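Novice: A structural model of the following input is requested.
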Amino acid sequence: MDQTCNYGFGRTLDIPYDEAVALTRAALKKQGFGIMSEIDVRARMAENLGVDFPPYIILGACNPPLAHRVLSVEPNIGLLLPCNVIVYSQNDGQTRVMAMDPVVALELVANPRVDEISCQVKSLLEKALLSI
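Specialist: Next comes the predicted model:
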């Protein structure tokens, strides 16, 4: 796992984009995440701007038990949920999978009970990405 930005982590895969998306979905599900939202960035760019953009998807992942816990502790935290996971094609033929770092994102809340939950979420996201 590598940290290519200060707000996320991920890995580069030597597999086609469509396969990476399917494996990412399965890996997230295995760690208890459901997909609450999905944005096909390529399609939106074509539709709204008429530009050709490489394959790129944003998956809004949510672990319901942990989401329930954190929403019970901090009701306004819905502003920062769900956890975004992206999959996109790179120019070199490889596919990149990245997850937002919930520990970094939820530091904004400054609540120790939220910190504990965000660490659990990060661990599950890391397990999911490493299993692909």
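Novice: which non-adjacent residue is nearest Ala105?
Specialist: Leaving aside its sequence neighbours, Ala105 sits nearest to Leu80 (CB to CB, 6 or more residues apart in numbering; 5.6 Å). No exception for glycine: its C-beta is placed from N, CA and C like everyone else's.
Novice: And stretch 4-20, what's buried?
Specialist: Gly8, Phe9, Gly10, Arg11, Leu13, Tyr17, Ala20 (16 or more other CB atoms under 10 Å).
Novice: That should have said stretch 29-36, apologies.
Specialist: Gln31, Phe33.
Novice: gap between the two ends of it?
Specialist: Start-to-end span of stretch 29-36 (CA to CA, to the nearest Å) is 12 Å.
Novice: name the element the residue nearest in space to the middle of the chain belongs to?
Specialist: For the chain, the residue nearest the mean C-alpha position is Val85 (1.8 Å; CA atoms, centre = their mean). Assigned by DSSP states H and E, Val85 belongs to strand 83-89.
Novice: Which residue ranges of this protein form helices?
Specialist: With DSSP state H as the criterion, the chain has helices at 17-30, 41-49, 64-73, 102-106, 112-130.
Novice: Need the winner for burial among those.
Specialist: helix 102-106 (a mean of 21; mean count of other CB atoms under 10 Å).
Novice: nearest residue to Asp18 other than its sequence neighbours?
Specialist: Pro55 (7.9 Å).
Novice: contacting residues around that neighbour?
Specialist: If a contact means CB atoms under 8 Å, 6 or more residues apart in numbering, then Pro55 has Tyr17, Asp18, Arg42, Tyr88, Ser89 as its contacts.
Novice: got a list of contacts for the strand holding Val85?
Specialist: 10, 17, 20-21, 24, 28, 33, 41, 54-62, 95-100, 102, 121, 125.
Novice: Having no further points to raise, I will conclude here.
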